[in-house]
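Q: Sharing a sequence plus its predicted fold:
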Amino acid sequence: MSDHPVENVMAAASEPELIPVVAADGSRFELLGVQPAGGWRQLLYWVPAMGIPARHYLPLAGALAAHGVAVVVHEWRGIGSSNRRAGRDGNWGYRELLQEDLPAGMAAVHERWPQATCWLGGHSLGGQLGSLYASLHPAEFAGLLLVASGAPYWRRFRHGWLIGVAYALAPLLAGLLGYLPGRRIGFGGNEARGVIADWARTGRTGRYAAVGMTQDFERQLASLQLPSLALRLRDDWLAPQASLDWLLGKLGSAERSMDVITPQELGGPADHFGWMKTPVPIATHIARWLAAQDAAVTTPADTFA
């Protein structure tokens, strides 16, 4: 695959397609789909970081479309196009995200493009939730992609005791106000107290669990046999190497690839969110890995226009 100049990235992709989704519990949101201008058969379902609307990943989707990879960006419950908002009367946790919204989104993708080869990827918490979802539905995906992601276990961070304090205080604040005011405190969006409780529990214990779900996620992850690519940003203190290693160490024994992205490669900050402003290098890494994984012979019948 050849690299495309930044200014030509979006020209190689179609306009974003809005795909309406209704979950079984009435949650409504829109997926953003970006297809390559020509034929394609590889589709990446992308799960955003906590509090980040789907539209912020359109540059990444366009960059991947320039490499012939279609992208569908998920929308978090409570964010962007979602009809729900976190508050005293609006609460949910990992269970709703894993058992309601992600299945509904994937069902819409399978209906729209039934023959596509699907990959699951995500940024930060999106990578974690993507890993959990893949462990529950491994047959739906060809592989897993993680960007600036890692488990939030406090022992895997420098000055981890300060992060441990945050894991104790965040659920208390969310319980007091009815939601976590992420917009005001500079962390995530306005987050449901159930999401914060599930997230903080993993941060304190290093283990994944979800209120209302009986699955043993540690066992589910260990049995996951999907190839994975993890891209770590060199200066990302929110997802350092030790945090990523903790997450990857939970996965099964399938092939794993890991690369570290530098400021020189990005032409700017190589941190948790800075890469989103210049996503072409990230897209190039992803596209090359997908091409290497794609051992199947492509025929005209395999592609979508």
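A: Arrived safely, thanks for sending.
Q: Phi first, then psi, for the residue sitting nearest the centre point of the chain.
A: Central residue of the chain (C-alpha atoms, centre = their mean): Gly122, 1.8 Å from the mean position. When read as degrees, to the nearest 10, the backbone of Gly122 gives phi -170, psi 160.
Q: what's the distance between it and Gly90?
A: 23 Å (C-beta to C-beta, to the nearest Å). All C-beta spots, glycine's among them, are computed from the backbone N, C-alpha and C.
Q: Over to Tyr208?
A: From Tyr208 over to Gly90 (counting by C-beta to C-beta), the distance is 24 Å.
Q: for Arg207, same thing?
A: 27 Å.
Q: Next secondary structure after the worst-scoring helix or strand of the chain on mean pLDDT?
A: Ranking every helix and strand in the chain by mean pLDDT, DSSP states H and E puts helix 182-185 at the bottom, with a mean of 91. Proceeding N to C from helix 182-185, the next assigned helix or strand is strand 190-192, under DSSP states H and E.
Q: Just checking: what are the partner strands of that following strand?
A: Its sheet considered, strand 190-192 pairs with strand 179-181 (antiparallel) by DSSP bridges.
Q: neighbour-wise, which of Tyr208 and Gly90 wins?
A: Neighbour comparison, Tyr208 and Gly90: the larger count goes to Tyr208, with 25 against 15 (by other C-beta atoms under 10 Å).
Q: Could you give the number of residues near the closest residue to Val22 other than its chain neighbours?
A: Distances taken as C-beta to C-beta, 6 or more residues apart in numbering place Arg28 nearest to Val22, at 5.3 Å, with adjacent residues excluded. For Arg28, the count of nearby residues is 16 (other C-beta under 10 Å).
Q: Would you mind measuring from Arg28 to Thr214?
A: 27 Å.
Q: so where do the helices sit in the stretch 101-250 of the chain?
A: For the stretch 101-250 of the chain, applying DSSP state H, counting those that start in this stretch gives helices covering 102-112, 125-136, 160-177, 182-185, 193-205, 217-222, 241-248.
Q: buried stuff in the longest one?
A: Of all the residues in helix 160-177, those buried under the rule 16 or more other C-beta atoms under 10 Å are Gly160, Ile163, Gly164, Tyr167, Ala170, Pro171, Ala174.
Q: before we move on, what about stretch 268-286?
A: Buried, per 16+ other C-beta under 10 Å, within stretch 268-286: 269-276, 278-286.
Q: Narrow the residues you listed to those in strands?
A: Using DSSP state E, the subset of those located in strands is empty.
Q: still on that earlier bit, confidence-wise, which of the helices of the stretch 101-250 of the chain is weakest overall?
A: Comparing mean pLDDT over the helices of the stretch 101-250 of the chain, the weakest stretch is helix 182-185, at a mean of 91.
Q: Contacts for that helix, please.
A: Outside helix 182-185, the residues that touch it by C-beta atoms under 8 Å, 6 or more residues apart in numbering are Met50, Gly51, Gly188, Gly189, Asn190, Glu191.
Q: quick one: which of those residues is most hemmed in?
A: Glu191 (25 neighbours).
Q: Just give the nearest non-adjacent residue to that one, would you?
A: Per C-beta to C-beta, 6+ apart, closest to Glu191 is Leu180, 4.2 Å.
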